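*Asks:* Quick one, fold the following:
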Amino acid sequence: MAFQPKKQTYSGKIREVTLGSGDKAVTVGGKSAYPFHTFEGEFPRPPVIAMEMWDKDPSEEWSDTIKEPFKGVLGDPAAWARKIVDDYGAEILVVQCKSSDPNADNRSGEEVAETVRKIADAVDVPVVVWGTANHDKDTEVMRAVAEKCSDKRLALSPVEEGDYKAIAAACMAYNHVVVGSSPIDVNLAKQLNILMGNLGVSPENTLIDPTTGGLGYGLEYSYSIMERITQAALTQEDEKLQFPMISNVGNEVWKSKEANISDQDAPELGDSSKRGIMMEVVTAIDVMLAGAEVVIVRHPESARLLKEYIKKMLG
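*Replies:* Modelled structure (predicted):
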């Protein structure tokens, strides 16, 4: 007799949100069962593996392992973007606006917006723009980006309680998607969604970023919060949490010492050319199982492995 798994009954459903426009627009969400539980409910779309780039040359900050796949294009944002899409098959491109960091380059909103515009014009896939989580600077940058790319239907992140009024208003004015970001807490995520809804942000233009930790203790805590958001959305019909989640995995994993330290300095950690990739893959799989609909990674080998994992999980 074949094994028959006991089935869970779900009463809720994750809303659908479309990123980008045109033939390469990507719609996420729509599931009415836990991640990959196709035997229990609708799972119309697999998670999407997005790939990130920076809006400046990161050569001095990145290890050789992560620089090698992008050799020759790190100083040219448009060429870098095309390589990620054309050579590595990214369905969504994420631009990390590191140059706007007030503690580093501190480029103006207009300068950043010019770079983002060049990147968005170079590719035909949806673009997510990620700030530095400095309220004042992100407000300046995101408002400039929203106007400069008014025809691109970007997703702007992180939109937090300290800056949501200005950034979300810009998103509404220019028809962009809002990524509501809260600090690893179910109630704070729900509260921010309520505030943005009261402001007028439509559910069809809302994603959740519950904040992601890299592999380790931070991931354990992040996973539990994301899982609880998914549970509340699907089993408790909490409409304030029924939004697709996006997870900024690559940015967290590759800033860790363990992902970058050399073989000579830490031989006990294994091959440095594979270590960071596996850390990224494990973290990404965990957040997908917790409910993330869009997972951002940096290394193209991580993206390839994750796409293979998704295919196997869906049979």
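*Asks:* any weak-confidence spans in the stretch 151-300 of the chain?
*Replies:* Along the stretch 151-300 of the chain, segments meeting pLDDT under 70 are nowhere present.
*Asks:* residue boundaries of the helices in the stretch 1-150 of the chain?
*Replies:* 64-67, 77-86, 109-122, 135-148 (DSSP state H, counting those that start in this stretch).
*Asks:* Give me the packing partners of the last one, helices and strands only.
*Replies:* If you count contacts as 3 or more Cβ pairs under 8 Å, 6 or more residues apart in numbering; DSSP states H and E, helix 135-148 packs onto helix 109-122, strand 155-159, helix 164-174. (Each C-beta comes from the backbone N, C-alpha and C, glycine too.)
*Asks:* I'd like to know how many residues surround residue 315.
*Replies:* Using other Cβ atoms under 10 Å, residue 315 is surrounded by 6 other residues.
*Asks:* for the closest residue to it other than its chain neighbours, phi and psi?
*Replies:* Nearest residue to residue 315, sequence neighbours excluded (Cβ to Cβ, 6 or more residues apart in numbering): residue 38, at 7.9 Å. Dihedral angles of residue 38 (phi, psi; degrees, to the nearest 10) stand at phi -70, psi -20.
*Asks:* do you know how far residue 38 is from residue 5?
*Replies:* Distance, residue 38 to residue 5, using Cβ to Cβ, to the nearest Å: 11 Å.
*Asks:* Pick out whichever of those two has more residues nearby.
*Replies:* A side-by-side neighbour count of residue 38 and residue 5, using other Cβ under 10 Å, places residue 38 first with 14 against 8.
*Asks:* Give me the pLDDT for that one.
*Replies:* On pLDDT, residue 38 comes in at 91.
*Asks:* How about the nearest residue to residue 90 once chain neighbours are set aside: which residues does it bridge to?
*Replies:* Leaving aside its sequence neighbours, residue 90 sits nearest to residue 51 (Cβ to Cβ, 6+ apart; 3.9 Å). Note on residue 51: beta-bridge partners residue 93, residue 297, judged by DSSP bridges.
*Asks:* Go ahead and confirm residue 51 touches residue 88.
*Replies:* Yes: if you go by Cβ atoms under 8 Å, residue 51 and residue 88 touch, sitting 6.3 Å apart.
*Asks:* Need the overlap of contacts for these two.
*Replies:* Shared contacts of residue 51 and residue 88 (Cβ atoms under 8 Å, 6 or more residues apart in numbering): 300, 303.
*Asks:* Which one's more surrounded, those two?
*Replies:* In this view residue 51 and residue 88 are compared by other Cβ under 10 Å, and residue 51 has more residues nearby, 24 against 15.
*Asks:* give me the number of residues near the nearest residue to residue 116 once chain neighbours are set aside?
*Replies:* Among residues not flanking residue 116 along the chain, residue 145 sits closest, at 5.1 Å (Cβ to Cβ, 6+ apart). Residues near residue 145, counting by other Cβ under 10 Å, number 33.
*Asks:* what number of residues lie near residue 221?
*Replies:* 14.
*Asks:* Please report the distance of it from residue 302.
*Replies:* 22 Å.
*Asks:* same check, this time on residue 159
*Replies:* 26 Å.
*Asks:* With residue 295 instead?
*Replies:* The gap separating residue 295 from residue 302 is 10 Å, by Cβ to Cβ.
*Asks:* Equivalent analysis for residue 236, please.
*Replies:* 33 Å.
*Asks:* One more: residue 21?
*Replies:* Taking Cβ to Cβ, one finds residue 21 at 27 Å from residue 302.
*Asks:* These two: which has the busier surroundings?
*Replies:* Taking other Cβ under 10 Å, residue 21 and residue 302 do not tie; residue 302 has more neighbours (27 against 13).
*Asks:* burial of the nearest residue to the more buried one once chain neighbours are set aside, as a residue count?
*Replies:* Of all residues not flanking residue 302 in the chain, residue 280 sits nearest, at 4.3 Å (Cβ to Cβ, 6+ apart). If you count neighbours by other Cβ under 10 Å, residue 280 ends up with 29.
*Asks:* what sits against residue 280?
*Replies:* Contacts of residue 280 by Cβ under 8 Å, 6+ apart are 249-250, 253-254, 259, 297-299, 302.
*Asks:* Apply 6 Å and report the result again.
*Replies:* Counting by Cβ atoms under 6 Å, 6 or more residues apart in numbering, residue 280 makes contact with 253, 297, 302.
*Asks:* swap in residue 295?
*Replies:* Contacts of residue 295 (Cβ under 6 Å, 6+ apart): 47, 49, 247, 249, 284, 288.
*Asks:* for residue 157, same thing?
*Replies:* For residue 157, the contact set (Cβ under 6 Å, 6+ apart) comprises 130, 179, 209.
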